[in-house]
Every structure is written in C-alpha cells, then in structure tokens.
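> Pasting the sequence and the predicted coordinates here, then a few questions.
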Amino acid sequence: MSWIVAIVLRLAGVAGVSLSPFAAGALFAGGLALLAGGGAIAGAVHLYNAGYRSADDKCEAAQTAAQNAQLQARLEEKDRQLVFANALQQRDATRAAAAEEQLKSNQGAIDATPANPNKCFTRDMSRRVRGVR
C-alpha cells in the first residue's frame, strides 16, 4: 500500500499539488470506491437491461403463441372446408356418372324403337316409350 501512496504523491507533485501521505491514501481509496461504485452501477444497468429484454421476449413469445393458435384454427377450418368440398365433388361425380348411364339407357331405348311409317305406336312401342326416363 505504501508504494501506491508514493505513486499518488509523486503524481500530485508533478501536477504541482502537495499532499500528505494520509490525503494521498484517502484519495486513492476514494478513487477505488468510485471505480467500485461505477462497476456496481454498470452491473445494475446490465441487470436492468437483461430483465427488460427478458420481459420483452416473454411478451413477444406470448403474442407469437397467440398468433400461432389463430393460424392453427384457420388452418383447421380450411381443412374442414376442403374435406366438405371434396365430398361435394365426389357426390356430383357420382350423380354425373349415374345421369350419363341413364342417358345411354334412354338413347338405347330410343334407338331400339323401329321406324313406323304410320306414325302410330303399337302397344309394345308405347310400353317401351313409357319405360324411357
């Protein structure tokens, strides 16, 4: 410690100030206290900023989770709509195939009807025409 007091006395002498050894020691101790206090303040500021960032990150994570839940619900709704649309498409395709078969059947019945020069139907012809749907 005495060598520190000697350095402080010599630096004060270069600056043109005369100090007692007690004042030089007190000046050195005060400087150390300022440095320690500055370090403590810097540490406190760092802790404050870390806490602020942590709270901000938690808030952002909660917002992101809420947005993800909304998007997931929308996706599930779109999936339900897609399943419903596919069911309608399959039902319509089945109806179209049945209608096509009925049309072919009707056309076959029409084609099986012989030409009649009298333009008058016999009972057999009337039954076949009545069977066309």
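Ah, there it is.
> What helix or strand is the most centrally placed residue in the chain located in?
Using Cα atoms, centre = their mean, the residue of the chain that lies closest to the mean C-alpha position is N68, 4.5 Å off. Secondary structure assignment for N68, by DSSP states H and E: helix 21-112.
> list the helices and strands that helix packs on?
Contacts defined by 3 or more Cβ pairs under 8 Å, 6 or more residues apart in numbering; DSSP states H and E place helix 21-112 against helix 2-14, helix 123-130. C-beta coordinates here come from the backbone N, C-alpha and C atoms, glycine included.
> Could you check the angle the shortest one makes with helix 21-112?
Angle between the axes of helix 123-130 and helix 21-112 is 170 degrees (criterion: axes from the mean of the first three to the mean of the last three Cα atoms, to 10 degrees).
> For helix 123-130, give the mean pLDDT please.
Helix 123-130 shows a mean pLDDT of 81 in the predicted model.
> now swap in stretch 21-37 and tell me
Mean pLDDT, computed over stretch 21-37, is 72.
> So for it, what gets flagged as buried?
Judged by neighbour count (16 or more other Cβ atoms under 10 Å), stretch 21-37 contains these buried residues: A24, G25, L27.
> next one: stretch 64-77
So for stretch 64-77, nothing qualifies as buried (16+ other Cβ under 10 Å).
> got the CA coordinates for it in CSV?
Included here for stretch 64-77 are C-alpha records, laid out as CSV according to Å, rounded to 0.1, in the frame of the first residue of the first chain:
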residue,chain,number,x,y,z
THR,A,64,-46.4,-15.3,-31.2
ALA,A,65,-48.1,-18.2,-29.5
ALA,A,66,-51.5,-16.4,-29.8
GLN,A,67,-50.9,-15.8,-33.5
ASN,A,68,-49.9,-19.4,-34.0
ALA,A,69,-53.1,-20.5,-32.2
GLN,A,70,-55.2,-18.3,-34.5
LEU,A,71,-53.4,-19.6,-37.6
GLN,A,72,-53.8,-23.2,-36.5
ALA,A,73,-57.6,-22.6,-36.0
ARG,A,74,-57.8,-21.0,-39.5
LEU,A,75,-55.9,-24.0,-41.0
GLU,A,76,-58.2,-26.5,-39.3
GLU,A,77,-61.2,-24.6,-40.7
